[in-house]
Every structure is written in C-alpha cells, then in structure tokens.
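Asks: Model the structure of this input:
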Amino acid sequence: MGNVSCRLKVKMGAWEEKTIPPRETIVVEEEKKNKKVLVCFAVWLGVTILVAGLLDLFLHGIPLGFTFPLINIEASVSMVLYYVAIIVAAVYIGVMGLKELIIERRFSVEFLMAVAGLGALLLDYRFEAATVLFLYTIAEYFEGYIQDRARRTVEKISQVVPEKARVIVGDKEASVDVGQVQTGDIIMVKPGERIPLDGAVTEGFSHVDQALVTGESVPVPKKVKDSVYAGTLNTGGVLKIVVTKKSSETLVSRIIQLVIESQKRKATIERLVDRFARFYVPIIIGLAVFTAAVLPLVFGGGFQTWFYRSLILIVVSCPSAFIISVPATVFIAITIAAKRGVIIKGGIFIEKLAMVRQVVFDKTGTLTLGQQAVHRVRRVDISRAEDETIMYAGALEQYSNHSIARAIVRRAVDRGIDLSKVKVSDIMEIPGKGIVGMVEGKHVAIGNPEFMEELGCDCTEAFEVTAGDTHTSVCISVDKTGWATVCVVDEVREDALRSISLLKQQGIRTAILSGDKEAIVEDLAKSLSIDDAHAEMLPQDKLTCIEEMKYREGLVAMVGDGINDAPALATSDVGIAMGAHGVDVALEAADVVLVHDELAQIPYLIKLSQKTMGIAKQNIAGSLMIKFLLGALGLLGLVPLWFTVAAGDDGLTMLLLLNTLRLEQIKS
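Replies: Sure thing, here's the model as predicted:
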C-alpha cells in the first residue's frame, strides 16, 4: 500500500541518487522515513494488543477509578494503552493520506485506514481499531520487502560499478571520479577489478566476466580493439582501455535507466486498473456514507451498528490490492528478464508479447552469425589430403581481411595446421576477385572464376564439382592447377533450431525475411523448420510483408540486428533486436533487446509474458471477488472489521504479491 503514486519508484543507491531529479529524491527519502515510522508503529501496536488484551482478560484492564469526561467510559490501563497507540498511529497515517487527498485529489489507502481505525475507536471497538492499524503497518513492511526483490537486480548492477577510475596520464596513473573521466582518456584495470567505464582495449589481454551485463556464464576473452563494458569484472591480465562513453552514457547506466523508465510505459491492463480505481473508491465510500446515514432509517437498528458496518465498506474500498499487484507483476517480469540479459522497454511490450502469434526473423546476423564458415571442401583429386589443400590456402589467406579468407584460416586452425611455419611471399590481393602469392615456393591463387581465368589457372574441373551449389565458392589453385573449391556459408546460430522448435510448441508461426538469394533462404528455412521464407527483399518490401502478416495472423514480433532492420522493427508490434554487437543502436531501435544475442530467450520471453498477464488478471479477478464478498457480508453484519482488513485488504494485497513471485519459477 503506501503512497501508490510513488510506490514503484526504483531506489537505486548512491549511483541512482545522482541521476534522480531533486524532487524525486525528496519523495524517495520521505517514503523511506515513513516506512521506518510505520515499522515502529507495527511493533508498538502489536505490543499494545498483546499487553492490553492480557490485562483485559485477567485483570479487567486494571481500572483507574475515574471516568473519561468526553467519551464517558471508565478509565483503565488497557484503555489508555489502546487509545494512545491508536490515536497516535491513526493521526500519523491519516496525515499521510490527507496530503495525497489534497495534492492528488484521490483517496489513498492511508486515509481510508486512518478513518477506519478512528471510526472503530469512536465506537469503542479498541481491539478492532488497533488490529486494523497493526495489520496495515505490518503489511506495509512486507509489501515493500516483496517489491524490493524486483528492484535488487537493478541495484546489483548499479552498486558494482566503481566510483573511481585509474586514469593514465603520461607515465603516471591517477585515481579519478568516473564522472570526471572524458572519452578518449586511457584507463588501466588490474586483475580482480571491475571496469569503471565502457571502452575498447588498447593494450593487454584478459578474460572478462560479463555476467552482470550480458548474462554470459563464462568469462569472455578480450584483446586489443575488443569492446568492454562498465561493471564487468577483469579476471585475468592487466588491460589498458580507451574510454568511449562517459559514465552517464555507459551500457550499464542506459540499461538501468531503461528498466526505470519501463514503468512509465504501462500496459493496457495497468491503465485500465488505474482508471477503474478512480471510480471504484468514491463509489464505495459513497455507499459507506449511505449505509451509516440512511440504512438505519430504512431497516432500523442503532446508528452505532450501521456506522460499524460502513467502516467495513471503507476498508473494502481500499484499491491497494489490485492497484499495486498489477504494476508489481509487470515490473517483476521486466526485472527477471533484465537478470537474464534481456531489456524490455515497458509493460506494454509484455502485454503484446503475450499475444504475439507470429515471430519473423531476419537472416544475416540474427538466425546466422553474420560470418562465413567453410561448409565443404570439394577436391578434384580425392586422393590428395584436404589438410594439404587447406594448408596452402590458409597460409595465403591469413594475410587477407576478407570474410572468406578468415573462414578458410579458421578451418586450417581447427584442423591443427600451424600456418606460422609456412613460408609465404609475393602476396597480391585484388579486391572483389581473390588473392595470389607464393607458398612454399609454389604459385597459389584463390578466387572466383574470372580471377582464375585472368591468372591462367585451370579451374574448370574444380568449379564443375560445385555446379548447382547455391552457396559462394572459390577455387584453390596450386601451380595454376585447380585442386579444390571451398564452399562457404553464413554460420547458423547454435540455438536457432531449438528456439524455432520451442516457438512451434507454443503454437507460434515463424518466418524469415531476407535480402539474400531465394535458394539460400529457402535452404535455411527448411533446415530450421521455419514456416515461411521470403527472400530477395528490399527494406520497403519487409515493411509491406510485416503489415500483411499483422492483418492475416495478428500481432507480429520482428527479430533483427537493430541496424539495417530498424524500419522493420518499428513496423512490427514488438521489435526485438540482437544487441551483442550493436547494443547502442539496438537500445534505440527496438522494444526488446537481447543483450547476449540468445535466440532461445524469445520463446522464454513469450512464456514469461503470457504468465505475467495471466497472473495480473488472476490478481484483479481475485481481489474484486473477495472485496465484493466481504462488502456484502459486512453489510449483513456477518464479519468483523479486523477480519475485513486481514482478508480483504492487507492480507489480500500480500497474497497477490506472493502470487506474483511465481514468475521467478518459470524455467527457460
């Protein structure tokens, strides 16, 4: 419960407080202070109920021998204990609620609880009044504890980022606040230290634990020119890093900010609950006033009886159960996803993911790694060992930066060939055609048919063995004789097949949209069991195709690399970007970012979203049903006030929040 309007503000610790506007900082500090006071009240009220109850039971309250003039009740020690504790607690809580009533013009839970407590005391229902306030204060603590579990993921990220950086100036190093470090500065990070800022390695090699940011379970090797992120742990050697982002622009700070801002992008169901509460509370309060003022005249009975029943309606009118539980459910889902390296930009996308009927994938860089790999080596003379052919090719290609060259070199390394011992000379590379040189004294050329023809190499037979192959092939010629052709393909991600299979199990259709050749796209679709394949598409064609799918299938999610797919991501109902190699662009272009490029997270996200919306609807339906039932029983005088608070407000709110924690049990 508490101040609903600011209840879900994320409290981040020292780093976050530097970024929160002053007014919000004051609100957060005031809320912390109120929480501490309410915990004290909970202890005080609990002790009062126990001690005063025992005094009433065994010593008749210990009479004091006089009567209070205003209320005309015999004074006793137990009565004094009750009245002091109830009045002090109710007035403090009531002032909190009155502020919200004046400023935001709505009835807060605090105001309603204070009215219920003081009203019960006016009728001399001391136990009920104390119990109402006790249950409220104790529930306030537990609700805060449950909701804080959702915030700890973000707090964990923010609190591990170092506040100081070791900046290299000339031959010396200086400890500088991270906020003062500028882009272009060189910082040094020793083994066992966390990297304070985003940057690129300029010197050194190490393994960096990126689990905090990307969710990777194994430390990642980092060499010169590799990117590193603030908050990640250097586990190996000394690294010198050129800073590429200021402290306020790092990946960690942007992830934190996105998680915080995600609360502002409310799902439709959250906005519906907010609107419903604005009408529900005044109506029930009006009914409570009607009960106290009119029903005694209609049905008879004393004013005290109907006033007591009206207090039950006031307690029932508290909207905290569904107002808090629904946003808390959505926010917990967002933080669970963040813990797994997935950034969701708002509750609205949780709601949409739960209704997605088709997932569309880009090919290059999404279903595939976007890098070439040797698919097959077709030898003209099968008696000649493949390793010999790859040795000549790899030795020459190690001096090229072309993607096919890198694929051939990786093939040689994978087969255990030591290229450093091979003598290579007279290297000449013709962009777009191939490379030629001398390897171990032999003329070696690698390239396309036109290049081979220009060099006078006989590769006719070599290319004949690849006839009909849709993938890219190059010829390897040794001493101007074609020895083999190397077929390269864009390597498919390891988890692509599993992800598609899981989506099919969830009843979701899949499709590929690609600008690649039709035969290549169809071959990939067949190998992954994807339902639809669309090839040779321009960016505008992708937009048209997605619009048609939305009309035909329903909600569509698009998965791309976040760079050239930005228009398609924006057109889809939910844009999901691969973020490992382009996090900055992905954060801007998409609604959901897979920080570590794990396609297997997509079926998990859909499952998480469906469970989230299911729990949110359960919480709404359950809270309204219980409140209406207790309201009816209260009007009939069949339930006491304290039970209404325990079952229909504070207890119900805690129960719904505990129901929300079931999201953490969802397995990938």
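
Asks: C-alpha from now on. contacts and neighbour counts both.
Replies: Fine.

Asks: Pairing partners for the one helix or strand Ala200 maps to, with directions?
Replies: Element membership for Ala200, per DSSP states H and E: strand 199-203. Using DSSP bridges, the strands paired with strand 199-203 in its sheet are strand 227-228 (antiparallel), strand 239-243 (antiparallel).

Asks: helix or strand right after the first one?
Replies: Note on strand 227-228: by DSSP H and E, the next helix or strand toward the C-terminus is strand 233-234.

Asks: Mind giving me the packing neighbours of that next one?
Replies: Judged by 3 or more CA pairs under 8 Å, 6 or more residues apart in numbering; DSSP states H and E, the packing partners of strand 233-234 are strand 206-209.

Asks: what sits up against the strand it packs on?
Replies: 216-223, 232-239 (CA atoms under 8 Å, 6 or more residues apart in numbering).

Asks: Just name the closest of those residues to Val167, please.
Replies: Nearest to Val167, judged by CA to CA, of the contacts of strand 206-209 is Leu239 at 11.9 Å.

Asks: Might one say that that closest one is in contact with Glu193?
Replies: No - Leu239 is not in contact with Glu193 according to CA atoms under 8 Å; the separation is 10.4 Å.

Asks: So for those two, which residue has more residues nearby?
Replies: Between Leu239 and Glu193, counting by other CA atoms under 10 Å, Leu239 is the more crowded of the two (24 against 16).

Asks: so what's the closest residue in space to the more buried one that isn't next to it in sequence up against?
Replies: Among residues not flanking Leu239 along the chain, Gly204 sits closest, at 4.9 Å (CA to CA, 6 or more residues apart in numbering). Residues in contact with Gly204 (CA under 8 Å, 6+ apart) are 223-224, 237-240.

Asks: buried subset of the residues you listed?
Replies: Among these, those classed as buried by 16 or more other CA atoms under 10 Å are 223, 238-240.

Asks: Need those residues in TSV (columns: pLDDT and distance to Pro449).
Replies: Putting the buried ones among the contacts of Gly204 into TSV (pLDDT from 0 to 100; distance: CA to CA, whole Å) gives the following:
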residue	pLDDT	distance to Pro449
Lys223	88	37
Val238	89	48
Leu239	92	45
Lys240	92	45
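
Asks: hmm, back to that, sort out which of the contacts of strand 206-209 are buried, if you could.
Replies: For the contacts of strand 206-209, buried by 16+ other CA under 10 Å: 216, 219-220, 222-223, 232-236, 238-239.

Asks: For those, give me a markdown table that also has distance to Leu497.
Replies: Shown next, in a markdown table, are the buried ones among the contacts of strand 206-209 (distance: CA to CA, whole Å):
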| residue | distance to Leu497 |
| --- | --- |
| Glu216 | 20 |
| Pro219 | 25 |
| Val220 | 24 |
| Lys222 | 29 |
| Lys223 | 31 |
| Thr232 | 30 |
| Leu233 | 32 |
| Asn234 | 33 |
| Thr235 | 33 |
| Gly236 | 34 |
| Val238 | 39 |
| Leu239 | 37 |
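
Asks: any idea which of these is closest to Lys423?
Replies: Lys223 (26.6 Å).

Asks: Enumerate every residue touching the closest residue to the closest one other than its chain neighbours.
Replies: Nearest residue to Lys223, sequence neighbours excluded (CA to CA, 6+ apart): Phe205, at 4.8 Å. Phe205 makes contact with 221-224, 236-239, according to CA under 8 Å, 6+ apart.

Asks: Serialize those residues to a markdown table and add fields for secondary structure and distance to Ile332.
Replies: As requested, those are exported to a markdown table (DSSP: H, G, I helix; E, B strand; the rest coil; distance: CA to CA, whole Å):
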| residue | secondary structure | distance to Ile332 |
| --- | --- | --- |
| Pro221 | strand | 32 |
| Lys222 | strand | 33 |
| Lys223 | coil | 36 |
| Val224 | coil | 38 |
| Gly236 | coil | 35 |
| Gly237 | coil | 37 |
| Val238 | coil | 38 |
| Leu239 | strand | 36 |
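
Asks: just checking, what packs against the longest helix seen in the chain?
Replies: The longest helix of the chain (DSSP state H) is helix 22-59. With contacts taken as 3+ CA pairs under 8 Å, 6+ apart, helix 22-59 sits against helix 77-104, helix 126-160.

Asks: Much appreciated, bye for now.
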